[in-house]
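S.K.: here is the input, now give the coordinates:
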Amino acid sequence: MTLSAPHGVNGVALTVFIVFFLAVTVMGFLAAKWRRAENANNLDEWGLGGRSFGTWITWFLLGGDLYTAYTFVAVPAAIYAGGAAGFFAVPYTILCYPLVFTFLPRLWSVAHKHGYVTSSDFVRGRFGSRGLSLALALTGILATMPYIALQLVGIQAVLDVMGVGGGANANWFVKDLPLLIAFGVLAAYTYSSGLRAPALIAFVKDTLIYIVIAVAIIYIPIKLGGFGEIFSKSGHAFAAVNPATGLPRGSLVTGPQAQWAYATLALGSAMALFLYPHSVTAVLSSKNRNVIRRNTTILPLYSLMLGLLALLGFMAVAAGIKVKNGQLAIPQLFANMFPDWFTGVAFAAIGIGALVPAAIMSIAAANLFTRNIYKDFVRPDASPEHEAKVSKLASLLVKVGALVFVLTMDKTVAINFQLLGGIWILQTVPALVGGLFTRWPHRWALLAGWAVGMGYGTWRAYETPSATQDHFGNTNLIPFIGEKGYIGLTAFVLNVLVVVVLTFVLKAVGAPDGVDRTSASDYTADAGDPGVSPDLPPATAGAVPGGH
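M.R.: From the prediction side, this is the model:
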C-alpha cells in the first residue's frame, strides 16, 4: 500500500486514540496535586518533582524520557529504509548503562548536596566558570529543541495515518488543528504540574508500549507467515538495486565496510544519551543515589523492548508497505495489520509516547535557560518563586518554538538538527563527566575544546551527504585511520586533545583557575546527608553556588 494522503478517517481508531488522550490529559492536570509540597513555587518542586521519586517512578520516567515516540517510529523506520544498519540503536542503549553507572550516582550526589538543578549548575560550581556553564546550557537547549519537534512529528504521523487533518488540500488551520490541540493540552498541563505530569503519565505510556510491542511481535508475524518468511522477503527487498544510486537498498546483516561506522555510532550515542538535559532532569528528580544505581541495572529491559521494536521495520518491508515518508511506515503497518480498535491503542501508545518526553524536554530546556542564562546573566538576585515563574514561561516558549519548527519547516530539517544534537551533546563530556572525577582540566581549556568540537562536528556533518540529501550525514572518514566513523566521536577526540594540550599550557603559564565549590565527599553524599556543603559561602546556600 502506498500512502500519499489520508483516505478517510478511521473512526474506530480515532475514538480509541481520543479516549486515551483525554485520560492522560486528566492525569496531567491531576498530577499538580500528586505529592505536592506546601511551597511548590520553586524549581526543585516544579522542575524536579521535589526530588522525591523512588525506583519505579524514576524507571518509568527515564523510560518515558529516553524511549520516545520518535524512537517508536524512527528506529524501525531506519530498518525499513536500509536494513541492519538501523540496529545500532540497540547496542548503544546496552552500552550506555555500564557507562552511566559510573557517573550518574556521583552527579546525583553533588547536585543533591549543592542544590544543583541542571548539569550547567554543576559545571559552574566545579570549575568556577560562568562562560563554560553558559556554553553547556546553550548546547543543551540547542540539542533539545529539535528533539521536542520530532515528538510532535510522531504525533503528526499517527494523525496522518488515521486520516485526521482534512487531507492535503485542506487549509493549514484545518490540517494542523489536531496537532495544535495536542500542543495546547501538553503546554497547559506542563505549565500547571511541572515534572509530576510526565512522571504520572509515563506509567500509562510505557504500559501501552509494552502491550503493543508484545502483541505486534506475535500477531503480525503470524499474519505474514512467520519470521522465516519475513526475513526472506526482506532479504530480497534489500538486495534490489536502487536505480538512482546503483546500490542495493540495504542488507539483513551489516557488511565489513560498515562496521567501523556502526561501532563508533553506537559508542558515541551511548556516551551522549544520558547527557541530554531531559535525561539529567529525570535523574536529579530521584530521592536518593541508590535509586539511580538500581535504575541503571533495570533500565536495560527497555533495550529488550527496543530490539523487538526494531524488528517491526523488517515486518513493514515484508508486508509491502510503501510510503513516501519513511516515518509513516510503522503507523501504516499497524493500520494495515491490526483491527481498527487495536490500531487506536497502538496509535495512542505513540501519541502518549510523544507527550511524556516532550514535556520533560521542555522543562529541562526551561531550567537551563532560567538557571544558567537568566539568573546568571540577567537577574542574579531572582527569588526561587521568580525562578519557577520564568521557567514555566520558558517551557511554553520552547514548545512554541518546536511547534513552529514542525509547522513551517521540512521535517528533514528537524531530523538533521536532532542528529546534530547528538554530535553537540557529546562535546559536553569532558566538562560534565570528566568534572565528576577530576578537577585537573583548566576551565579555559574545556571551553576551547568544546568550541573546537562543536565547530568541527557541525562543519563535517554539513559537508557529509546523508542517504536522502547533500548534507548532515552522520559518518565520515576518521583522520589517520581512513575508516568511516561517527563524526561526533571524532569531534569528541579532537575536543579532548585540545583540552589536554591547552591545560598543560595554561597551567605552565599560571593562568588563573576558577574556584571549585565542591569537595570530595560531595560526590558520594546521599539523601540523609546535610543539604548544603559547608565550603559554600552563606550567600549561596540553597541557591546556585557562586563561581564568579
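S.K.: tell me where the model's unsure across the stretch 201-350 of the chain.
M.R.: By pLDDT under 70, the low-scoring segments of the stretch 201-350 of the chain are 244-245.
S.K.: how about the strands of the protein, start to end?
M.R.: Using DSSP state E, the strands of the chain run over 2-3, 241-242, 247-248, 322-323, 475-477, 484-486.
S.K.: can you redo those strands as CSV with distance to Ala310 and mean neighbour count?
M.R.: For every residue, glycine as well, the C-beta is placed using N, CA and C. Output for these, formatted as CSV (distance: least, CB to CB, whole Å; neighbours: other CB atoms under 10 Å):
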stretch, distance to Ala310, mean neighbour count
strand 2-3, 21, 14
strand 241-242, 22, 10
strand 247-248, 20, 11
strand 322-323, 18, 18
strand 475-477, 19, 18
strand 484-486, 19, 24
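S.K.: closest to Ala13 out of the ones you listed?
M.R.: When the strands of the chain are compared by CB to CB, strand 2-3 sits nearest Ala13, at 14.7 Å.
S.K.: state the mean pLDDT of the closest one.
M.R.: The average pLDDT within strand 2-3 is 38.
S.K.: and Pro465, how many neighbours does it have?
M.R.: Residues within reach of Pro465, counting by other CB atoms under 10 Å, total 11.
S.K.: and it, what is it in contact with?
M.R.: Residues near Pro465 by CB atoms under 8 Å, 6 or more residues apart in numbering: His471, Gly473.
S.K.: now do the phi/psi pair for it.
M.R.: Phi and psi for Pro465, reported as degrees, to the nearest 10, are phi -70, psi 150.
S.K.: per-residue pLDDT of it, please?
M.R.: Listed pLDDT for Pro465 reads 82.
S.K.: ok, Val158 to Thr408 distance?
M.R.: Applying CB to CB, to the nearest Å, the value for Val158 to Thr408 is 21 Å.
S.K.: more neighbours: which of the two?
M.R.: Taking neighbours as other CB under 10 Å, Val158 and Thr408 compare with Val158 leading, 31 against 9.
S.K.: residues near the closest residue in space to the more buried one that isn't next to it in sequence, how many?
M.R.: Spatial nearest neighbour of Val158, chain neighbours left out: Phe347 (4.2 Å); criterion: CB to CB, 6 or more residues apart in numbering. Burial of Phe347 is recorded as 29 neighbouring residues (other CB under 10 Å).
S.K.: skipping adjacent residues, who's closest to Asp516 in space?
M.R.: In space, Asp516 is closest to Arg439, 5.5 Å off (CB to CB, 6+ apart).
S.K.: how near is that neighbour to Val123?
M.R.: Applying CB to CB to Arg439 and Val123 gives a distance of 12 Å.
S.K.: how far away is the residue nearest to Ser251 when sequence neighbours are not counted from Tyr262?
M.R.: Setting aside the residues directly before and after it, Ser251 is nearest to Gly83 in space (CB to CB, 6+ apart), at 4.7 Å. For Gly83, the distance to Tyr262 (CB to CB) stands at 12 Å.
S.K.: please pull out the lowest mean pLDDT helix or strand from this protein.
M.R.: Every helix and strand in the chain was compared by mean pLDDT, DSSP states H and E; the lowest is strand 2-3, with a mean of 38.
S.K.: please name the residues that touch the residue most central in space within the chain.
M.R.: Centroid-nearest residue in the chain: Leu66, 5.4 Å away (criterion: CA atoms, centre = their mean). Contacts for Leu66 were tallied using CB under 8 Å, 6+ apart; they are Thr93, Leu273, Ser279, Tyr302, Pro357.
S.K.: dump those to JSON lines, plus neighbour count and distance to Thr207.
M.R.: Listed next are those as JSON lines, based on neighbours: other CB atoms under 10 Å; distance: CB to CB, whole Å:
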{"residue": "Thr93", "neighbour count": "25", "distance to Thr207": "20"}
{"residue": "Leu273", "neighbour count": "19", "distance to Thr207": "23"}
{"residue": "Ser279", "neighbour count": "23", "distance to Thr207": "21"}
{"residue": "Tyr302", "neighbour count": "22", "distance to Thr207": "13"}
{"residue": "Pro357", "neighbour count": "30", "distance to Thr207": "16"}
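S.K.: phi, psi of Thr68?
M.R.: As for Thr68, its main-chain torsions (degrees, to the nearest 10) stand at phi -100, psi 180.
S.K.: how much space between the residue lying closest to it once chain neighbours are set aside and Val185?
M.R.: Nearest-residue entry for Thr68: Pro357, 4.2 Å, with adjacent residues in sequence omitted and distances by CB to CB, 6+ apart. Per CB to CB, Pro357 is found 15 Å from Val185.
S.K.: quick check: which ranges of this structure have low pLDDT?
M.R.: 1-7, 37-40, 165-175, 244-245, 411-414, 467-468, 530-548.
S.K.: buried ones in the lengthiest helix in the chain, by neighbour count?
M.R.: For the chain, the helix with the greatest residue count under DSSP state H is helix 130-162. Residues of helix 130-162 classed as buried: 130, 132-162 (neighbour count, 16 or more other CB atoms under 10 Å).
S.K.: any idea how far it is from the chain center?
M.R.: 8 Å (CA atoms, centre = their mean, to the nearest Å).
S.K.: stretch 254-261 now?
M.R.: Chain-centre distance of stretch 254-261: 26 Å, with CA atoms, centre = their mean.
S.K.: output that stretch as PDB, nothing but the C-alphas.
M.R.: The C-alpha trace of stretch 254-261 is given here as PDB (Å, rounded to 0.1, in the frame of the first residue of the first chain):
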ATOM      1  CA  THR A 254      25.900  -5.200   8.400                       C
ATOM      2  CA  GLY A 255      28.800  -5.700   6.000                       C
ATOM      3  CA  PRO A 256      32.500  -5.300   6.900                       C
ATOM      4  CA  GLN A 257      32.800  -2.000   5.200                       C
ATOM      5  CA  ALA A 258      30.200  -0.500   7.600                       C
ATOM      6  CA  GLN A 259      31.500  -2.000  10.900                       C
ATOM      7  CA  TRP A 260      33.600   1.000  12.000                       C
ATOM      8  CA  ALA A 261      30.700   3.300  11.300                       C
END
